[in-house]
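Colleague: with the sequence up front, the predicted model follows.
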Amino acid sequence: MLDTTVLIAHLRGDRDVTEGLLDLLATGHSLGTTCVNIAEVERGLRPRERKRVQALMDRLTFFETTRDAATRAGLYQAEWARKGRTIHTPDALIAGTARAHGAVLVTDNLDDFPMRDVRAQQLAAQ
């Protein structure tokens, strides 16, 4: 499951990220994303990027944010708030969705996903 940081890096021409994604595909992994990531990409979309973004999104698996994922997101926020750390709602929803689908979350911001039950890794680590 691709986080927004990875999607944007690929769309903006980061060769290392693109090669990492191609390596994942070549080794049999499928790539997907969530409603939160799509919304975040749309928020920063430049008009000239529209066709390329749509082509990419059409190829990705869409991981639905289920009730279980949303519940888990709230639990993450509550748990980390008790520890004095804020987990923003978009990151909590992304993490909850990854967990609900058993997906590995590929991100450049591992610090945003400290949850122990979510498999998150940087693309370079693939």
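Modeller: Noted; the coordinates are in hand. Numbering: from 1, shown residues only.

Colleague: ok, residue 10 - contacts?
Modeller: By Cβ atoms under 8 Å, 6 or more residues apart in numbering, the contact list for residue 10 reads 17-18, 21, 56. From N, CA and C alone the C-beta is placed, and that goes for glycine too.

Colleague: cool, and residue 98?
Modeller: By Cβ under 8 Å, 6+ apart, the residues touching residue 98 are 1, 63, 104-105, 118-120.

Colleague: quick revisit: going through the contacts of residue 10, which ones are buried?
Modeller: Buried members of the contacts of residue 10, counted by 16 or more other Cβ atoms under 10 Å: 17, 21, 56.

Colleague: between the residues you listed, which is nearest residue 82?
Modeller: Closest approach to residue 82 among the buried ones among the contacts of residue 10 (Cβ to Cβ): residue 17, at 34.8 Å.

Colleague: now do the closest one, the pLDDT please.
Modeller: pLDDT for residue 17: 95.

Colleague: quick one: residue 65 and residue 34 touch, right?
Modeller: Yes - taking Cβ atoms under 8 Å as the definition, residue 65 is a contact partner of residue 34 at 6.1 Å.
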